[in-house]
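Asks: sequence plus the predicted model coming up.
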Amino acid sequence: MFERKGRGNFFTGLIDRLPVGLKNLFGFLGDLRSPDGRQRAADQTRNTAWKVADDTTRAVSAGMGIADVRALFRGDPPVEKPNPRYKVFTNAFFAHIRPRYYEKSSTKFTHTFGLGFLSALTFAVEGVTGVILMVFYIPSQDQAYQSMVKIISEVPFGQLMRDIHRIGAELMVLFVGLHMLRVYLTGSYKHPRQFTWVTGVILLVLTLALSFSGYLLPWDQLAYWAVTIGTSMAKSAPPKEIMGVISNLLMRGGDTIGQNGLLRFYLVHVILFPAIAAALISVHYYRVSRLHGISLPAGEEESPDPNVRKAAKERLDYLPDILTKELMWIAIAVFGMVAFAAFAFNAPLEHHADPFRTPLHTTAPWYFLWLQGMLKDPVLLPMLRMLRDFIGIDLVQFYDSASWQGIILPTGLALIAIIIPYIDEWWDRFHGRTSSRLGKNRKLGISMGLGFTALLLVLTYLGTPYFGVSAPPAVEIGQEFIPEECVLPPIPLLPDNCGEVRHLGYEGLKNGTYDLAQFATAPSDAKPFDALLVKMQGAVKHQAELAKQSDTHGLENAQGFFVVEDWQSNVKKVTLRVTWTPRELGDTGTFEKVIYLHQDSAYE
C-alpha cells in the first residue's frame, strides 16, 4: 500500500512539472475513459475549433466573424451589434479606400452604365497581363519581334495573355471615352465635381498615350508605320525649328524610329505613364469616393417632390450590396474578355518592321483616325480655298497644315475640355440663373456635346482608307483580295481583314490557271472558290468599264488571271495577275500580286 501511494505521488509530481500543453493532453486522454468525459472532450474540441476558426475569420475579414461573413454573402443583415461590417472600413485597406455607403440612385446601372468601374477594371487587367508579358519581352530593335513570336508560339498561354492585353487596351480607351461622354451629357461635372472632371480629362489623354505607346512594342509593320504616322505630328509642333525638333528627338530618339525610339516607348509605357495614371486615378477616385460621391440622376436630384429626393439619397451599404455587384461584374467582364480572346480574337502580328517599305493604306490607331480625317477634310478646306480664290483671305495656309491640324487644334480641344466646368459656371452666372443638370435646362450644352461626338465619328471615317485614298486600279484590286498586310478595321476589336484568298486557305484554293473572264457569273450554289473568282472578275470588269467612260480612270481592256500552284512541300504559290492596254508612257500594262500559303496557315 505504501509503495502504490508513493508511486502515485511520484507520477503526480512528474505531471505537475510538465508544460501546460502536455498537462491538458493527459487530462484530455484521461477524460476519454468515461462516457461523460468523452462528451466533455467533444464539446471542448468543438468549441475550441469554432473559436479558432472564428478568430481567424475576424483577422482575415478585419472584424467580422463567421456568422457575419455568411450573412454578408447571403445578403442578410448583420448578426452582431454594433455592426461589425463598419469595423472593416477602419481595419482593412481594401475597404478603407471605399465609402461605407452609396446613395441608392447613384448606383443605378442606367445612370452610369458602370463605365467608370469598367475603366478602372481594364486598367487593372492591363497591369496584370502587362507584367506577365514583360517577363518575356525584350525591348531591342533586333530581338523585339522575335520575342513576340516566342510569346505567341512557345510561352504557355502567351497568345492568350497578349490577346487579353490588346483587348483590355482597346476597351480601356473605349470605356474612358464613353465615361467622359456620359459625365458630360448628365452634367455630372458641375459643382462640386469640377476638379474631378479636370483629372478625368487628363486621364483620358493619358489613356490614349498609354495605348499609343504600347502600339510600337511588337515591332511589326503595323506598329512601326502607325507610330511613324502618329509621331510625325510632333515634328510640326510650332515653332518647328525649336519645339518640333525637340519633340521629335524626345519621342523618336532621332529622325526615324529605331532602337532609341523603341526603348523610349517601352519605358514610358511600362513605367512613366502607368505611374502617372496610378497617381491621377488615386486622386480621381478619392474625390469620388470620399468627397462628393457619384452624382445622382438629375431628374431625381432636382425633383420638386421631396419624397423623390429623399428616396434617391437613401443609403445603400457597400457591404454587402455594392461589393457583391462589383464581384459579379468583375467575374462577367473577365470571363467575357478571356472567352473573346480564346475564341474570337487574335491580336495581329504582321511582318517584321521595315523602314524602307510602307504598307498600302497605312493608318494611325483607330482612336487617332479623326486627326487623319482632318487632313482629308472635304467640307471646310474646300470652303477656305474658295474664300481664298474669290475674296483673297487666305486661311488655308493655317488650317491645311500638320501644325494646326495635328498639334494646335487637338491641344486647344483638350484645354477647352479641361475648363468646361468653369465655362459652364460662368455661363450660368452671366445669365443670372441657378446651375442645373436637367437636360431641358442644358439644351445648348447637350447639343454641342452630341454635335462634337458626331463630328469625331465623321472625321474618323474620313481618316480611314475607305475615303479619299486610292492606289493605281490594279494595285487596289490586289489589295482587295490579297492585301499586303492584314487590314485593321476602324472599329476596335473586329477581326482584321486578311483578304478572301487567305481566308479560303491552303485547302480551299484549287490548283490551276484560271482566266477570270470565264467566271462572269456564278450559280446560287457556287462553291466558295468559284464565288471568289467571280468577285475578282467583277472588280476587273469594273475597271474596264471605267476606262470606257474616262481617259484617266480605269484599266483599258483589263483582263485578270488567277494562278494556284504547288511551290514546295505543303506550300502553295498564289498569283493574281491583271493586264491592260497601257495609255501612258512608262505604264507596263501588267500587275502581279504573289503570296505563299502554308498548309498550316490559319486566317480567321
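Replies: Nice, I can see it. Residues are numbered from 1 along each chain as shown.
Asks: quick one, helices of the stretch 501-604 of the chain?
Replies: Taking DSSP state H, counting those that start in this stretch to define them, one finds helices in the stretch 501-604 of the chain at 528-549.
Asks: okay, now the unreliable bits of it?
Replies: 604 (pLDDT under 70).
Asks: next one: the chain
Replies: Under the criterion pLDDT under 70, the flagged ranges of the chain are 1-18, 20-33, 604.
Asks: would you map the strands across the stretch 251-400 of the chain?
Replies: 315-317 (DSSP state E, counting those that start in this stretch).
Asks: swap in the stretch 451-600 of the chain?
Replies: Under DSSP E, counting those that start in this stretch, the stretch 451-600 of the chain gives strands at 512-515, 559-568, 571-579, 590-598.
Asks: return the first one as CSV; C-alpha atoms alone will do.
Replies: Think strand 512-515. Extracted as CSV, the C-alpha positions of strand 512-515 are listed here (Å, rounded to 0.1, in the frame of the first residue of the first chain):
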residue,chain,number,x,y,z
GLY,A,512,-4.8,25.6,-111.8
THR,A,513,-4.6,28.7,-114.0
TYR,A,514,-7.9,30.5,-114.2
ASP,A,515,-8.9,33.1,-116.8
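Asks: quick one: contacts of it?
Replies: Residues outside strand 512-515 that contact it (C-beta atoms under 8 Å, 6 or more residues apart in numbering) are 533, 559-564. Heads up, the C-betas are built off the backbone N, CA and C, glycines and all.
Asks: drop the exposed ones from those and show what's left.
Replies: 533, 559-562, 564 (16 or more other C-beta atoms under 10 Å).
Asks: returning to that earlier point: identify the farthest-apart pair in the contacts of strand 512-515.
Replies: Spanning the widest gap among the contacts of strand 512-515 are 559 and 564, at 17.7 Å by C-beta to C-beta.
Asks: beyond the helix or strand in which residue 199 is found, next helix or strand please.
Replies: Assessed by DSSP states H and E, residue 199 sits inside helix 194-215. Per DSSP H and E, the first helix or strand lying C-terminal to helix 194-215 is helix 221-232.
Asks: output the contacting helices and strands for that next one.
Replies: Counting by 3 or more C-beta pairs under 8 Å, 6 or more residues apart in numbering; DSSP states H and E, the packing neighbours recorded for helix 221-232 are helix 194-215, helix 245-252.
Asks: repeat that with 7 Å
Replies: Under the contact criterion of 3 or more C-beta pairs under 7 Å, 6 or more residues apart in numbering; DSSP states H and E, helix 221-232 touches helix 194-215.
Asks: what's in contact with the helix it packs on?
Replies: Residues from elsewhere that reach helix 194-215 (C-beta atoms under 7 Å, 6 or more residues apart in numbering): 169, 172-173, 176-177, 180, 183, 189, 223, 226-227, 230, 265, 268-269, 273, 276-277, 280-281, 283-284, 287-288, 365, 367, 414, 417-418, 421-422.
Asks: now it: buried residues?
Replies: Buried-residue list, helix 194-215, by 16+ other C-beta under 10 Å: 196-204, 206-215.
Asks: same question, stretch 568-580
Replies: Using 16+ other C-beta under 10 Å as the burial criterion, the residues of stretch 568-580 that qualify are 572, 574, 576-580.
Asks: over to stretch 95-110?
Replies: 95, 98-99, 101-106.
Asks: ok, stretch 458-467 next?
Replies: Within stretch 458-467, judged by 16+ other C-beta under 10 Å, the buried ones are 459-460, 462-465.
Asks: would you mind writing the CA trace of that stretch as PDB?
Replies: Extracted in PDB, the C-alpha atoms of stretch 458-467 (Å, rounded to 0.1, in the frame of the first residue of the first chain):
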ATOM      1  CA  VAL A 458     -17.400  61.600 -89.300                       C
ATOM      2  CA  LEU A 459     -13.700  62.600 -89.100                       C
ATOM      3  CA  THR A 460     -12.800  59.100 -88.000                       C
ATOM      4  CA  TYR A 461     -14.500  57.700 -91.100                       C
ATOM      5  CA  LEU A 462     -12.700  60.300 -93.300                       C
ATOM      6  CA  GLY A 463      -9.400  59.100 -91.800                       C
ATOM      7  CA  THR A 464      -9.900  55.500 -92.900                       C
ATOM      8  CA  PRO A 465      -8.600  54.200 -96.200                       C
ATOM      9  CA  TYR A 466     -12.200  54.000 -97.400                       C
ATOM     10  CA  PHE A 467     -12.300  57.700 -98.100                       C
END
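Asks: now do it: everything it contacts.
Replies: Stretch 458-467 has contacts (C-beta under 7 Å, 6+ apart) with 361, 363, 369-374, 376, 468, 490.
Asks: cool, and stretch 543-561?
Replies: 473-474, 513-517, 536-537, 540, 577-581, 583.
Asks: which of those are buried?
Replies: Listed as buried from the contacts of stretch 543-561 are 473-474, 514, 516, 536-537, 540, 577-580; burial here means 16+ other C-beta under 10 Å.
Asks: and those, which is closest to residue 329?
Replies: The closest of the buried ones among the contacts of stretch 543-561, once distances to residue 329 are taken by C-beta to C-beta, is residue 536, at 47.4 Å.
Asks: surely that closest one and residue 563 touch.
Replies: No. Using C-beta atoms under 7 Å, residue 536 is not in contact with residue 563, being 12.0 Å away.
Asks: end-to-end on stretch 319-327?
Replies: Stretch 319-327 has an end-to-end distance of 12 Å (C-alpha to C-alpha, to the nearest Å).
Asks: for it, which positions count as buried?
Replies: Under 16+ other C-beta under 10 Å, the buried positions of stretch 319-327 are 319-323, 325.
Asks: farthest-separated two in these?
Replies: Between all members of the buried residues of stretch 319-327, the farthest pair (by C-beta to C-beta) comes out as 319 and 325, at 11.5 Å.
Asks: packing partners for the helix or strand hosting residue 52?
Replies: Take DSSP H and E as the rule and residue 52 turns out to sit in helix 35-61. Secondary-structure packing of helix 35-61 (3+ C-beta pairs under 7 Å, 6+ apart): helix 20-31, helix 66-74.
Asks: returning to that earlier point: mind picking the two most distant members of the buried residues of stretch 95-110?
Replies: Going by C-beta to C-beta, the pair spanning those furthest: 95 and 105, at 22.8 Å.
Asks: before we move on, the earlier item: what subset of the contacts of stretch 458-467 is buried?
Replies: 361, 363, 369-374, 490.
Asks: pull the most distant pair out of those residues.
Replies: Most distant of the buried ones among the contacts of stretch 458-467, by C-beta to C-beta, are 361 and 374, 17.8 Å apart.
Asks: quick one on the thing from earlier: list the buried ones in the helix holding residue 52?
Replies: Applying 16+ other C-beta under 10 Å to helix 35-61 flags 41, 54, 57-58, 61 as buried.
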